[in-house]
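J.: below are the sequence and a predicted model for it; my questions follow.
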Amino acid sequence: MSDIVAPETHGLGAKLLWDGHGLSPYWGVTSVFEPDHDEVLDDFEAVGERWSIETSSQWTGNIAPPEDQDGIETGMYEFSYTVSAVDAAGDKDVVLQFRPAFPNAENVYSGSPMQGMPDDLPEGIRVQIMSTNVTATEALRVLLAFAEHVGLNPDYFADEPHEWSRVYQYERYLRLDRQVSEDHIVGSGGIIDRLADFASDQSGRGEYKWDNEEIVGHYLSVASDPDTWAMLLPGDGEGQHGKAIKNYHPANPRGDTSGSDPLAHPKVEISLSNEYDPDGSVSWSDLDDLQAELDGSLLNVLSWAGVPLGPDAGVWVAEDPYFDVGALDRDVEIVANPLPELREAAADHVESELVRTELSPAQEEVLTVLTDGGQQHYETVAAEAGVGTSTVYRLVDKLQSLIESDDGILDFADDVTRRHVQGIVDKVRETADWARSSIRQVAQEHDILSADDGPLQRWMDRHGIRLVREHPELEFAIDRPVGEEEIRQILRAGLDAAEASGLLTRQYKDAAVQWLDRDGEERQGVRIVNGQMHSGDVRILGKPAGRTLR
């Protein structure tokens with residue numbers, strides 16, 4: 001048992017196969033089904049609760065009957081039941097859909113092979129399960145109890161599902177106090193925003209959705225592919241799937257958080273992403289591993305946001321009837337927030353490449369042209385820069401890790417690389433004298449800002465500060481609420497760090513800062529130093545800084 005809160009299962013979607021009894025289970029469903037089961041059958045017991053049959057339906061499917069089945073002129077019937085737990089919340093249900101399984105299945109209308117049904121599919125029954133607020137184990141137990149209740153032999157489903165059974169939807173969630181969510185998860189600078197910003201700079205695929213129209217954080221979601229998640233979490237990346245993490249409220253969000261309504265507070269949820277995972281599903285037998293991965297990813301992201309993870313941390317909403325605020329029953333590795341380090345590594349790589357590479361003025365002009373647009377053909381770049389194509393290719397050869405060439409089309413390796421090169425080139429453009437302010441020299445100046453062991457970097461790490469802009473002047477950001485006195489003390493410490501780092505003090509004094517105040521109001525573009533006192537001391541944010549936070 002760990003001292004970390006345990007997420008709960010929200011949604012589950014699985015396509016399961018049982019082949020131990022041939023087609024008998026399917027013909028059994030066909031025999032016992034009645035369209036009015038939802039009206040005439042009593043409730044039944046399963047997993048310690050009472051369940052009611054809410055809907056029962058059948059339809060003609062597209063699967064042609066097997067060749068040995070005479071007298072069936074249409075597609076084979078498919079069946080669906082919805083059963084719901086009888087409880088006060090009314091949001092726990094399981095949908096059970098039954099379909100036949102057999103080899104060489106054909107479409108009854110076209111005669112072509114049925115998609116999703118392999119030619120060597122064994123005879124049996126396929127059961128699609130779609131459940132809400134039910135664990136996988138509970139869903140199987142509900143299936144067994146339901147089968148017995150309607151007169152179907154439960155032994156048909158007593159064994160483990162066939163190895164081809166797949167899980168295509170799995171969601172794990174925690175319900176978080178609304179104020180904590182707004183302070184740490186959503187909004188500009190929240191962890192979801194930072195994850196989206198990082199993921200959008202990578203070479204893979206992803207998606208960022210947001211809806212703040214009615215309330216902040218009504219719906220925020222970022223989805224990323226396995227390679228992006230592998231950069232963020234421990235291990236070699238083979239255990240990572242494409243996942244989406246989101247913060248969301250009900251369609252009609254509650255306004256009052258003072259009462260006991262759990263829906264006044266959002267869910268923070270992580271799920272397997274069908275779109276951004278290459279397979280879009282996992283084997284049923286691997287569900288435990290997927291759950292461990294989802295839980296670990298969700299808990300790490302919350303930790304990076306600054307949310308305490310203990311069950312007794314006072315940030316979880318225990319009034320949620322389906323969220324039992326308890327401790328996780330397995331160990332999970334919580335790692336330090338990798339986002340700042342990954343950002344620094346990308347910037348350091350660009351700067352180190354430019355520092356070590358001697359570029360001619362003509363090659364610097366080529367680099368400038370490349371930063372002005374997206375993908376460009378090498379002949380276009382040469383023409384714009386006023387140089388020969390050989391000069392372009394010599395530059396590409398020198399900066400192979402920064403610039404890619406694909407069939408004559410040139411582009412930067414990714415958006416991170418483009419932005420960092422762009423920042424250095426923009427600084428060079430401030431002076432017309434390339435000899436005095438070359439790309440290489442400006443890159444060396446950037447090294448002062450990104451030195452891992454420099455005083456300014458240590459100051460930024462200590463107080464959770466990001467450098468969000470270097471041109472035309474520096475701008476820092478603090479991604480957490482801070483009071484008026486604390487922000488001045490932090491910035492005074494930054495001035496001391498700048499003086500000790502080799503950075504021109506004037507550059508720091510001219511810098512701006514953005515932060516959230518204690519009321520959650522965003523302060524943007526505020527000049528760090530505003531004036532000087534008669535004693536010579538500077539005014540931080542217009543006032544004497546007082547005691548310094550180191």
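T.: Nice, I can see it.
J.: please enumerate the helices of the stretch 151-300 of the chain.
T.: Ranges of helices within the stretch 151-300 of the chain are 178-184, 191-200, 226-232, 287-304, based on DSSP state H, counting those that start in this stretch.
J.: closest one to L495 among those helices?
T.: Of all those, it is helix 191-200 that lies closest to L495, at 26.3 Å by CB to CB. The way it works is simple: take the backbone N, C-alpha and C, and place the C-beta from them, glycine included.
J.: list the buried residues for the closest one?
T.: Using 16 or more other CB atoms under 10 Å as the test for burial, helix 191-200 gives 191-196, 198-200.
J.: I figured E293 hits H241, correct?
T.: Yes. If you go by CB atoms under 8 Å, E293 and H241 touch, sitting 6.6 Å apart.
J.: can you point out the buried residues in stretch 143-158?
T.: Going by neighbour count (16+ other CB under 10 Å), the buried part of stretch 143-158 is 143-147, 149-150, 152, 156-157.
J.: ah, wrong one, I meant stretch 24-36
T.: Within stretch 24-36, the residues that qualify as buried are 25-26, 28-29, 33, counting by 16+ other CB under 10 Å.
J.: with stretch 513-531 instead?
T.: 513-516, 526, 528-529.
J.: what of stretch 205-215?
T.: Buried residues in stretch 205-215 (16+ other CB under 10 Å): 206, 208, 210, 215.
J.: and the residue nearest to S52 when sequence neighbours are not counted, how far from E485?
T.: Among residues not flanking S52 along the chain, D43 sits closest, at 4.9 Å (CB to CB, 6 or more residues apart in numbering). In this view, D43 and E485 are 62 Å apart by CB to CB, to the nearest Å.
J.: same question, L395
T.: From L395 to E485 the distance is 51 Å (CB to CB).
J.: one more: D159?
T.: 67 Å.
J.: redo the helices of the stretch 151-300 of the chain as JSON lines? Include mean pLDDT.
T.: What follows is the helices of the stretch 151-300 of the chain, written out as JSON lines (pLDDT from 0 to 100):
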{"stretch": "helix 178-184", "mean pLDDT": "93"}
{"stretch": "helix 191-200", "mean pLDDT": "89"}
{"stretch": "helix 226-232", "mean pLDDT": "91"}
{"stretch": "helix 287-304", "mean pLDDT": "96"}
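J.: G520 is nearest to which of these?
T.: Proximity to G520 (CB to CB) singles out helix 178-184 among the helices of the stretch 151-300 of the chain, at 6.6 Å.
J.: other SSEs contacting that closest one?
T.: The elements that helix 178-184 packs onto, with contact taken as 3 or more CB pairs under 8 Å, 6 or more residues apart in numbering; DSSP states H and E, are strand 475-481.
J.: now do the strand it packs on and helix 191-200, the angle between them.
T.: Our comparison of strand 475-481 with helix 191-200, counting by axes from the mean of the first three to the mean of the last three CA atoms, to 10 degrees, yields an angle of 140 degrees.
J.: chain center to the following helix or strand past strand 475-481, what's the gap?
T.: As assigned by DSSP states H and E, the chain's next helix or strand after strand 475-481 is helix 484-501. Counting by CA atoms, centre = their mean, to the nearest Å, helix 484-501 is centred 34 Å from the centre of its parent chain.
J.: now helix 484-501 against strand 475-481, angle please.
T.: Here helix 484-501 runs at an angle of 140 degrees relative to strand 475-481 (the same axes, to 10 degrees).
J.: re the thing from before, out of the buried residues of helix 191-200, flag the one nearest to V325.
T.: Proximity of the buried residues of helix 191-200 to V325 (CB to CB) peaks at I191, which lies at 21.0 Å.
J.: what about stretch 397-408, average pLDDT?
T.: Mean pLDDT, computed over stretch 397-408, is 83.
J.: measure R506 to R141 for me?
T.: According to CB to CB, R506 stands 70 Å off from R141.
J.: who's more crowded, these two?
T.: Neighbours were counted for R506 and for R141 using other CB atoms under 10 Å; R141 has more, 16 against 11.
J.: dump the residue contacts of the more buried one.
T.: 46-47 (CB atoms under 8 Å, 6 or more residues apart in numbering).
J.: remind me which helix or strand it belongs to.
T.: Using DSSP H and E, R141 falls within helix 136-150.
J.: which stretches of the stretch 151-300 of the chain aren't confidently modelled?
T.: 234-238 (pLDDT under 70).
J.: burial measure for I490, as a count.
T.: Using other CB under 10 Å, I490 has 24 other residues around it.
J.: my read: Y208 touches F198, true?
T.: No. Applying CB under 8 Å, one finds Y208 not in contact with F198, separated by 10.8 Å.
J.: quick one: S188 and Q524, what's the gap?
T.: 9 Å.
J.: what's the closest of the buried residues of stretch 513-531 to S283?
T.: L516 (44.1 Å).
J.: could you find the closest non-adjacent residue to the closest one?
T.: The shortest distance from L516 to any residue other than its chain neighbours is 4.6 Å, reached at P481 (CB to CB, 6+ apart).
J.: that neighbour: what's it in contact with?
T.: 183, 515-518, 520.
J.: helices - which of those residues land there?
T.: In this view, the contacts of P481 that belong to helices under DSSP state H are D183.
J.: farthest pair in the contacts of P481?
T.: D183 and W515 (12.5 Å).
J.: now tabulate the buried residues of stretch 143-158 in JSON lines and tack on distance to I334.
T.: Below are the buried residues of stretch 143-158 laid out as JSON lines (distance: CB to CB, whole Å):
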{"residue": "L143", "distance to I334": "36"}
{"residue": "L144", "distance to I334": "37"}
{"residue": "A145", "distance to I334": "38"}
{"residue": "F146", "distance to I334": "40"}
{"residue": "A147", "distance to I334": "42"}
{"residue": "H149", "distance to I334": "44"}
{"residue": "V150", "distance to I334": "46"}
{"residue": "L152", "distance to I334": "46"}
{"residue": "Y156", "distance to I334": "43"}
{"residue": "F157", "distance to I334": "38"}
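J.: closest one of those to N107?
T.: The closest of the buried residues of stretch 143-158 to N107 turns out to be Y156 (CB to CB; 26.4 Å).
J.: quick one, phi psi at the closest residue to the closest one other than its chain neighbours?
T.: Among residues not flanking Y156 along the chain, P25 sits closest, at 4.0 Å (CB to CB, 6+ apart). Here is the backbone geometry of P25 (degrees, to the nearest 10): phi -60, psi -40.
J.: thinking P25 is in contact with L17, fair?
T.: No. Counting by CB under 8 Å, L17 is not a contact partner of P25; they are 10.6 Å apart.
J.: what do the two both touch?
T.: Common neighbours of P25 and L17, using CB under 8 Å, 6+ apart, are 124-125.
J.: any regions of the stretch 1-150 of the chain where pLDDT drops low?
T.: The model of the stretch 1-150 of the chain has pLDDT under 70 over residues 1.
J.: how about the helices in it?
T.: Taking DSSP H, counting those that start in this stretch as the criterion, the stretch 1-150 of the chain carries its helices at 24-32, 37-40, 136-150.
J.: export the ones you listed to CSV and tack on distance to V222?
T.: Output for these, formatted as CSV (distance: least, CB to CB, whole Å):
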stretch, distance to V222
helix 24-32, 41
helix 37-40, 39
helix 136-150, 26
